[in-house]
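Enquirer: structure for this input, please:
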Amino acid sequence: MNLDIRTLVVGFCDTNCYVTADRESGDALIIDPGDSADEIYAVVSGTGLTVRGIVNTHCHTDHILANGELKDRFHCPLMIHEADAPGLTDPTMNLATLVGYRGPTSPPADRLLRDGDEITFGEITFQVIHTPGHTPGCICLYTPGVLMSGDTLFASGIGRTDFPGGNYEQILDSIRRRLMILPPETQVYPGHGPSTTIGRESG
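Expert: Residues are numbered from 1 along each chain as shown. Predicted structure coming up:
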C-alpha cells in the first residue's frame, strides 16, 4: 500500500492527529488537527507534502482547534459530516464551553460529507462511513487495510456517549453493523490512544 500515516499527539486531550499521504504523489490529507498547528505544519512542510484537505471525524473541540490556522496556511478545503457541521462554530455543540475554552474553535466547513462519499488524494481514496453515537455526525474513513476510526472505536473501548448528542445504543449499532464487518486484519487508527485491528476488537 502506498499510504503513509504519521501520528501526532496534540492538545489537552492527547488527540491523535493523522497526516496521511500517498507516497507516490506526495498528496496528503490531515485528519483531526486538534491543536498544535505549528507542529503539524512543520511536519507537513518538512516532508514536502501537498495537503489536499482537512477532515474532522467529528466536531468536538479537541479534534478541530487547528482547523483555521492550517486551512489558511495550506489553502485547502475543510470537511466534516453534515450533521456535525454546525458544531464547528457552536461552542456548546463542540464542547468548548464545557472545557472552559473561550477562543475561536474552527471556521465553517467547505465540504459537507455524507455516508458513502469518497475523499481522494493522489491514488488513495477514503470512503466515508457514518458512525453516529459519539456525536450525530461521527464518521470513520476507510481504505482497504486501514480504518481511521475517530472517537467511535478505540483499542479495547468505544467513544463516550454522555456528551450532548451522544447515544450509547447508536454507537454500539454503528460499530456492530458498519465496522465489525470489515476484514479482521484492518488496522484501526483511533482518535485517542494506540492503534488496534478490527479482529482484535471483535474478539
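
Enquirer: for this protein, which segments count as strands?
Expert: Using DSSP state E, the strands of the chain run over 3-10, 15-22, 27-31, 50-55, 78-81, 111-113, 118-121, 124-130, 139-143, 146-150, 153-154, 157-158, 187-190, 196-197.

Enquirer: and T97, which of those is closest to it?
Expert: T97 lies closest to strand 15-22 among these, at 18.5 Å (CB to CB). (Glycine included, C-beta is placed from N, CA and C.)

Enquirer: next, the angle from the closest one to strand 27-31.
Expert: Angle, strand 15-22 to strand 27-31, by axes from the mean of the first three to the mean of the last three CA atoms, to 10 degrees: 160 degrees.

Enquirer: that older thread, dump the strands of the chain to a markdown table, plus mean pLDDT.
Expert: Formatted as a markdown table, those follow (pLDDT from 0 to 100):
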| stretch | mean pLDDT |
| --- | --- |
| strand 3-10 | 98 |
| strand 15-22 | 98 |
| strand 27-31 | 98 |
| strand 50-55 | 98 |
| strand 78-81 | 98 |
| strand 111-113 | 98 |
| strand 118-121 | 98 |
| strand 124-130 | 98 |
| strand 139-143 | 98 |
| strand 146-150 | 98 |
| strand 153-154 | 98 |
| strand 157-158 | 98 |
| strand 187-190 | 98 |
| strand 196-197 | 98 |
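
Enquirer: got TSV for those, with distance to M180 and mean neighbour count too?
Expert: Formatted as TSV, the strands of the chain follow (distance: least, CB to CB, whole Å; neighbours: other CB atoms under 10 Å):
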stretch	distance to M180	mean neighbour count
strand 3-10	22	17
strand 15-22	21	24
strand 27-31	22	25
strand 50-55	23	22
strand 78-81	20	25
strand 111-113	22	17
strand 118-121	22	17
strand 124-130	12	20
strand 139-143	12	23
strand 146-150	11	27
strand 153-154	9	22
strand 157-158	12	16
strand 187-190	11	20
strand 196-197	12	18
